[in-house]
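Asks: coordinates only, no sequence provided:
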């Protein structure tokens, strides 16, 4: 069929008579979108004609008239793809406006001048129209050679409130904003959430957070514990964020059901543990570290030795006293000095091991102790035994205080000290720095610690207050004098790096700080409050026993393995040679310790440092945080 338009001819031309002319003014030859365009042409035909000019090839009987395509290059390549895939024949009829070569170039220029690509928002709406016309998502996906998920995402975006579609067209909001709004299909909720947020907080994370606050992500610990299969079997409904991946994209809509199923499942675990639980057992799937910190662990006491143990201890002490007397009269260069000194150290170790075996849970406290069954941050069941409820711990402490007035407890500790005061101060300096670094990213615990300190000051007599773990004036404790290697530690550097980041953000003039804070979002202010609170932590001590920072360390789940390692300079050179070998024997292997035993202490410390690389070993003073 031939159609005349403005004295020009639109006629059907077999595809194999067309060729792509170099005169097309649009030189961009990307194949982006060509498969989709080919699918449309296969389904609907060529809706807009091509523009070209006649060109003669050959002479006489070999003379052939071809049409050079000047406008419509993308349509040409789309049809070529269909021919290549054998979806249409080479003789497929293509509508083409045939004119002079000069006029064809002018047509191409007019067709492309001022041309804009289809806005993504219009593409979303177009997909929705196809579905509304009766095509299934799978049919549309097959027609455009895309995955059904792609079509589902386009439909979700098309269903965003019309106000936001228009704002997206005008570049007022981003595609990330659109995807966050599309987490719900309720356009009124989208509208309400947007306008409920302050302008500076209208970011994808906060939008999603607001729109999903009545849902529970499948990657939450309690949801993982329950399991999607059990939740759905109980009648629970699911929703999906099509723009996220994995568990983060799945939401459980019935939160009360999740908590009920978790409680029932954890209660069954607790029931199986009752015979060994103690005086009580509690199952709480929503237990947080701050809640756990309110419970105290049962202390240990030294039981009376058996007759055999008494005899052994007496024999050890008699031999040790005799040898120590010999050492006082012996010259250091005496060939027996080293052998005698080693024997004294060996006897001390035997005595310590025997006394340690006699340490047992305090019977009075153990009678009140119980077990907590809870979920950790991965949704796995954790069991903590030998815990005292806060009220029981207070009652027992009062009873203990009445029975043990005076300084007897301190004297006993001094007698059994295993580590020098200087070393405890060094380790506690590192522990303080690690607590500061840990608390930087745990805003909730930092704010709880700050609130705890303020409550003590506001509601209790100062004379009755326990030693505080925070100095509210943000008076940073001086740690350097107790650990000269502190400034190269991971914890110290982490704190200083975060301090530098904040210094770049806050005003340089102190008078400008309050106005600046008033302009910040609540999360920003809380994050800064947590950082400043962490700086005032003071866990310095010269005593090996517990101190005021222990509860805070438990609440933060402090793991000193992340912040401290035994180095020759910072630790190993400052303890006895036998202690170094014992550490290697325990943490690495007896064979390794045997191989190092003949080294001089300086070389031994360096070799031990290398051997301990990657080992989780910690001094007893620091290891207790891991045990907690």
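Replies: Noted; the coordinates are in hand. Please read these numbers as outputs of a predicted model, since none were measured by experiment.
Asks: in three-state terms, label residue 623 for me.
Replies: The three-state assignment at residue 623 reads helix, by DSSP: H, G, I helix; E, B strand; the rest coil.
Asks: and the helix or strand in which residue 55 is found, what's buried?
Replies: Element membership for residue 55 (DSSP states H and E) is strand 50-57. For strand 50-57, the buried set under the neighbour-count rule, 16 or more other Cβ atoms under 10 Å, comprises 50-53. The C-beta positions use only the backbone N, C-alpha and C, and glycine is treated the same way.
Asks: how far is it from where the chain is centred?
Replies: Averaged C-alpha coordinates place strand 50-57 at 63 Å from its chain's average position (Cα atoms, centre = their mean, to the nearest Å).
Asks: which helices and strands does that strand pack with?
Replies: On a contact count with 3 or more Cβ pairs under 8 Å, 6 or more residues apart in numbering; DSSP states H and E, strand 50-57 meets strand 64-71, strand 93-99, helix 101-112.
Asks: out of the ones you listed, flag the one nearest residue 553.
Replies: Among these, the nearest to residue 553 by Cβ to Cβ is helix 101-112 (68.6 Å).
Asks: could the helices and strands packed on strand 50-57 go into TSV alongside distance to residue 604, mean neighbour count and mean pLDDT?
Replies: Below are these laid out as TSV (distance: least, Cβ to Cβ, whole Å; neighbours: other Cβ atoms under 10 Å; pLDDT from 0 to 100):
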stretch	distance to residue 604	mean neighbour count	mean pLDDT
strand 64-71	84	20	86
strand 93-99	87	21	89
helix 101-112	80	17	70
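Asks: which one of these lies nearest to residue 440?
Replies: Relative to residue 440, the nearest member of these by Cβ to Cβ is helix 101-112, separated by 56.1 Å.
Asks: could you give the mean pLDDT of whichever strand or helix holds residue 552?
Replies: Using DSSP H and E, residue 552 sits within helix 550-555. Helix 550-555 shows a mean pLDDT of 79.
Asks: right, and the helix or strand after that helix?
Replies: helix 577-587.
Asks: buried residues in the very next helix or strand once past that next one?
Replies: Where DSSP H and E defines the elements, the next helix or strand beyond helix 577-587 is helix 590-596. Neighbour counts over helix 590-596 (16+ other Cβ under 10 Å) mark 592-593, 596 as buried.
Asks: format those as CSV; extra columns: pLDDT.
Replies: Shown next, in CSV, are these (pLDDT from 0 to 100):
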residue, pLDDT
592, 87
593, 86
596, 86
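Asks: quick check, nearest of these to residue 480?
Replies: Using Cβ to Cβ, residue 596 comes nearest to residue 480 of the buried residues of helix 590-596, at 31.8 Å.
Asks: wait, the closest one sits on residue 608?
Replies: Yes: assessed by Cβ atoms under 8 Å, residue 596 is found in contact with residue 608 at 6.8 Å.
Asks: hey, what's in contact with both of the two?
Replies: Common contacts of residue 596 and residue 608, defined by Cβ atoms under 8 Å, 6 or more residues apart in numbering, comprise 581, 584.
Asks: all strands of the stretch 301-450 of the chain, in order?
Replies: Ranges of strands in the stretch 301-450 of the chain, per DSSP state E, counting those that start in this stretch, are 359-361, 370-375, 381-388.
Asks: what are the buried residues along the first one?
Replies: So that's strand 359-361. Buried residues in strand 359-361, counted by 16+ other Cβ under 10 Å: residue 361.
Asks: may I have the strands that pair with it, each with its orientation?
Replies: strand 300-302 (antiparallel) (DSSP bridges).
Asks: domains for the protein, by residue range?
Replies: Split into domains by automatic domain parsing, the chain comes to 2-112, 156-255, 304-357, 418-565+613-628.
Asks: what's the closest of the ones you listed to residue 136?
Replies: The nearest among those, by Cβ to Cβ, is domain 2-112 at 14.2 Å.
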